[in-house]
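Chemist: Here's a sequence, model it:
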Amino acid sequence: MHVLGKLGLWLMVAGIIALVAMNSLFSRRRMSHDNGMVCRARIKVLDDVAIPPSAFFAPGKEYPCRFRHASVSFADDARLVVRSASLKFSDTDHQSPLDIMMNTGTAGPFSNAWHFLKFMIATIRGREKHIKPYLDQYPDLAKGITQSICYPDTFALLNYHSKTALGYRDSNGKDWYIKFKLAPWDRGPDRGRPTDEELEQFWLQAPKEGETRSRNFLKDEYRRRIKQGPVKYHLQAQFHPVTPGEDRIVLDCGVAWDEESHPWQDLAEVEVYEVVPTDEGNITWYDVNNHPPNMYIPEAQSILDPASINYLRAKDGLAKRARMQGYQWFGQLPPLVDDRQGGRCALPRICLPADEPDATSEMRADELISQRDIYVFKSDDGLPPYAKYLPKNEEFTTAKSRGMIKTMGYGLLNGFISEFEEIFERRRSLATFDRHYPLWKKPPVSDRFGSDLEFGRQRMNGVNPVLIKRCTRLPDKFPVTNDMVKPQLDEGDTLSKAARRGSLYLLDHEAVGGIPIKNGYLAVPISLFYCNGRGQLVPLAIQLEQQSGPDVPIFTPNDPYWLWTTVKAYVQAADALYHEVASHLLRTHMVMETFVVATHRQLHHRHPVHQLLLPHFHATLAINHSARSVMLAPGGPIDKTLSLGAAGCMELLKCEYQKWDFSQCHLPSDLKNRGVDDVKKLPQYFYRDDGLLIWQALDRFVGSVLAHWYPDDAALASDAELQAWIAELADPEVGKVKGLPEGGKLTQRDSLQQVLTAIIFTCTAEHASVNNGQYDMFGYPPNVPGSMYAPYPTSKANAMSEEDFVACLPNHGKCDAQMQMVYLLSQPTRWQIGNFEQPYFHGVQQIWHMVKDFRAELASISATIQERNRGVEVPYRYLDPVQIGESIAI
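Modeler: Numbering: from 1, shown residues only. Okay, here's the model as predicted:
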């Protein structure tokens, strides 16, 4: 019978662990106690301890500690559940000399492994229908649960008991059973005990009716408590002498030991002093097998033996390792987001921290602490700091996801049809590219891409209008002479005169050089442009490498048409690379994510600046997460279409980020720094003209909002949340944002206005300028090829032909991949700037008067742009307010 009992126990435990391990692998959750937090602590054995002696608990001995508080079930701190405290006598993830796991209450909900199995099955099947019959069958165990569950206001003032006994051999060789207790420092009783009415359906473990506190409020409160100073506890122990043949009920965790015959004896002091980051805490796990040599797990005889509970716990290492493997395969789960709105009949008022009522100021601080656990910075890989996890509430809406899937499906169908048509004709002329559009509209640029006027226009009003700079002196590496370009200059003009007058402009793609190439060939060109007397920007000369030489000719419009057209295509390919990686992905998407994360971490959602920025951050984290995990992934669209591939683009992105600072987000300064701010010297630069109209409107709106909340600079300087926000952004180890005004401090309202205007402009207008025209420009690959697939010309001897030019372009599949990518990215705006589709400054009537004025100014700007566009050959629409999204992902 002994052997059969052991076999039955092994089989049942093996089955339970296998099921739990499979669940842990894919769910990446602990089998229980999932909702918790890990801290660092110190454990010091008392100098005078009256316990059976052992070397491990030697008087005065100290241990580092990983300490964990948790709610035993449900991802909700406000529910009526058991709470726990776990001690690891080392600051390590797993191995330690002793782990102690304790829960509130003195008795557990099961007496043996069989009870545990029935309890687990009933829980899985549903608490409402199936737990109640279990508890009715075992009323003593139900009583233990009612004495363990609670509605506490803090983890720090509860008593925690280990419940299952371990064997303990003292220094004299005598055997004992030992249980542990963690008592609050004031040695008081448990707080938060439920009333009789609240216990009527205790097995449902529901929150209180009308509960409005955060699902993270216990963890938030504990973080705040530790921030104010260490939290201390008393570690105590009970001892029971082992007697041969005694009743095994002494090992029953469902029955507490009598405290008169088993008094609690003080053993050590525990001091908790630091919260461990969530990702580090997640890989911390506690194991009953971690114990010193003089402690042991009592042997279990069968599934009905009380010792079978510890036997089961001793075998759960597989489940814990499965969770670790799940982390490696699928990543850790995002932190718990509070989504409780029940009981709130109205949204709390928006206010500065100084105006927060005393009754809610502590809750406001706690909610911010919780946000820092949800929005966690990752900033150690050379990229702009970004969200380590994508919070659940930041994921794409179902409508957005479906729309993207529909668009991608439409693109795949278009590509399939065009691939089929390609079978019947070899690609020898530009006409074959018309077959790429069975379902899509062919971009109008296809009719004019070979024109020098179009080539110049795209420098100012194409999809990458931010790179061209005024040339006051030709660089030595680019020895263009008057004779080379004389036919393109106005009568009597020279390069030196044009440079002094402000009519020469450079396009230098030096940044894309020096990185290994994956797809085709990449030139690193430098190009010279000239603004002629008719106000047209035209190309004068192109050099396809950064240094001149015998095999590096300077090409001009005087060269044969197809040679010159091919040379321009190599410039376009380099420009496409820089545009997608730097102008678009880095300078809008990625640098703005840093501001999104910092805003959620440091500014409460009812802070006026948070309210002002939030509409412009909609879905930014989701679109950026997709960019990193899909667009930039090996085998993804960028890897297939751009010359550097995914790895090279990441290297380029990191290099350009090292050069980036916040001043590049300030449109007036950026235009001035590039020497393109003068309308007379460079007319028809519509990106500049329309962008400045939007900038000025935003600046006035932001200024009026700030004046409402900050009557003077002193109010701004005393705003603790705002100062923490700017400090985190400027911190070289956290936000890493260089070039902020006042060196990363905010003492003047004008400085804050400048920062906020630049952020909103970047998330709206700047992103629209480099995003909305992608299909217009890249959707016709001969105009902007993602990469070129033949060596670039190194002499003028070969005049080339149309077929030669076409042979340099990407093949049909790569063209389709490029077109599908830009078609998806160029979808029409759903929410326009100024719409404020989401709740915005609710209850603040004065702000909505400002919104009305802002919308009126945007409408006026739109009318001005549309009137201008009626008089130009190629309209510039990307900065018309009706085309500008409210955020990067709209």
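
Chemist: Any figure for the gap between residue 872 and residue 476?
Modeler: Note on residue 872: its distance to residue 476, by Cβ to Cβ, to the nearest Å, is 37 Å. Yep, even glycine has a C-beta here, placed from its N, CA and C like the rest.

Chemist: out of those two, which sits in the busier spot?
Modeler: residue 872 (12 against 8; other Cβ atoms under 10 Å).

Chemist: That one belongs to a helix?
Modeler: No: under DSSP: H, G, I helix; E, B strand; the rest coil, residue 872 sits outside any helix and is assigned coil.

Chemist: Would you mark the buried spots in stretch 540-558?
Modeler: 540-546, 548, 553-557 (16 or more other Cβ atoms under 10 Å).

Chemist: possible to save those as a markdown table with distance to residue 322, pLDDT and secondary structure?
Modeler: Compiled in a markdown table, these are given as follows (distance: Cβ to Cβ, whole Å; pLDDT from 0 to 100; DSSP: H, G, I helix; E, B strand; the rest coil):
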| residue | distance to residue 322 | pLDDT | secondary structure |
| --- | --- | --- | --- |
| 540 | 66 | 98 | strand |
| 541 | 64 | 98 | strand |
| 542 | 59 | 98 | strand |
| 543 | 59 | 98 | strand |
| 544 | 55 | 97 | coil |
| 545 | 55 | 97 | coil |
| 546 | 54 | 96 | coil |
| 548 | 62 | 91 | coil |
| 553 | 63 | 96 | coil |
| 554 | 64 | 97 | strand |
| 555 | 62 | 97 | strand |
| 556 | 66 | 97 | coil |
| 557 | 66 | 97 | coil |
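
Chemist: State the pair within the residues you listed that is farthest apart.
Modeler: Greatest spatial distance among the buried residues of stretch 540-558 (Cβ to Cβ): 546 and 557, at 21.5 Å.

Chemist: So the chain: which segments form each domain?
Modeler: As given by automatic domain parsing, the domain ranges for the chain are 31-316, 406-563.

Chemist: Would you mind giving those domains as JSON lines with distance to residue 850 added?
Modeler: Listed next are the domains of the chain as JSON lines, based on distance: least, Cβ to Cβ, whole Å:
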{"stretch": "domain 31-316", "distance to residue 850": "31"}
{"stretch": "domain 406-563", "distance to residue 850": "30"}
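
Chemist: can you tell me which of those domains comes nearest to residue 886?
Modeler: Ranking the domains of the chain by proximity to residue 886 (Cβ to Cβ) places domain 406-563 first, at 19.5 Å.

Chemist: Check the offset of that closest one from the chain's centre.
Modeler: Remark: domain 406-563 is offset 36 Å from the chain centroid, using Cα atoms, centre = their mean, to the nearest Å.

Chemist: do the same with stretch 761-777
Modeler: On Cα atoms, centre = their mean, the centre of stretch 761-777 falls 22 Å from that of its chain.

Chemist: mean confidence score for it?
Modeler: The average of the pLDDT scores along stretch 761-777 is 95.

Chemist: Now do the contacts for residue 136.
Modeler: Counting by Cβ atoms under 8 Å, 6 or more residues apart in numbering, residue 136 touches residue 142.

Chemist: What segments of the stretch 451-600 of the chain are strands?
Modeler: Listed in chain order, the strands of the stretch 451-600 of the chain (DSSP state E, counting those that start in this stretch) span 469-470, 504-508, 526-531, 537-543, 554-555.

Chemist: Do I have it right that residue 72 meets residue 103?
Modeler: Yes: using Cβ atoms under 8 Å, residue 72 is in contact with residue 103, at 6.3 Å.

Chemist: Which neighbours do these two have in common?
Modeler: By the contact definition Cβ under 8 Å, 6+ apart, residue 72 and residue 103 are jointly contacted by 82, 83, 84.

Chemist: As a markdown table, those residues with pLDDT, neighbour count and distance to residue 580 would be great.
Modeler: Listed next are the shared contacts of residue 72 and residue 103 as a markdown table, based on pLDDT from 0 to 100; neighbours: other Cβ atoms under 10 Å; distance: Cβ to Cβ, whole Å:
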| residue | pLDDT | neighbour count | distance to residue 580 |
| --- | --- | --- | --- |
| 82 | 92 | 23 | 53 |
| 83 | 93 | 26 | 51 |
| 84 | 94 | 23 | 50 |
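
Chemist: Among the residues you listed, find me the one that's closest to residue 247.
Modeler: residue 82 (26.6 Å).

Chemist: Quick check: nearest residue in space to that closest one, chain neighbours excluded?
Modeler: Among residues not flanking residue 82 along the chain, residue 72 sits closest, at 4.1 Å (Cβ to Cβ, 6 or more residues apart in numbering).

Chemist: Please apply the same query to residue 393.
Modeler: residue 337 is the one closest to residue 393 (Cβ to Cβ, 6+ apart), at 5.0 Å.

Chemist: Now do residue 768 against residue 495, distance only.
Modeler: Taking Cβ to Cβ as the measure, residue 768 falls 35 Å from residue 495.

Chemist: oh sorry, the question was meant for residue 781
Modeler: Distance of residue 781 to residue 495, given as Cβ to Cβ: 34 Å.

Chemist: who's more crowded, the two?
Modeler: Neighbour totals were compared for residue 781 and residue 495, and residue 781 leads with 27 against 23 (other Cβ under 10 Å).

Chemist: isn't the more buried one right up against residue 810?
Modeler: Yes: Residue 781 lies in contact with residue 810 (Cβ under 8 Å); the separation is 6.0 Å.

Chemist: Spell out which residues are contacts of both of these two.
Modeler: Shared contacts of residue 781 and residue 810, defined by Cβ under 8 Å, 6+ apart, are found at residue 818.

Chemist: and the residue nearest the centre of the chain, what does it touch?
Modeler: With distances taken as Cα atoms, centre = their mean, the residue of the chain nearest its centroid is residue 387 (2.5 Å). By Cβ under 8 Å, 6+ apart, the contact set of residue 387 is 375, 376, 377, 378, 394, 593, 596, 597, 621, 624, 625.

Chemist: Any idea what the fourth one is bridged to?
Modeler: Here residue 378 sits in beta bridges with residue 386, as judged by DSSP bridges.

Chemist: And the nearest residue in space to residue 313 that is not next to it in sequence, how close does it get to residue 736?
Modeler: Closest residue to residue 313 apart from its sequence neighbours, by Cβ to Cβ, 6+ apart: residue 288 at 4.5 Å. Distance of residue 288 to residue 736, given as Cβ to Cβ: 44 Å.
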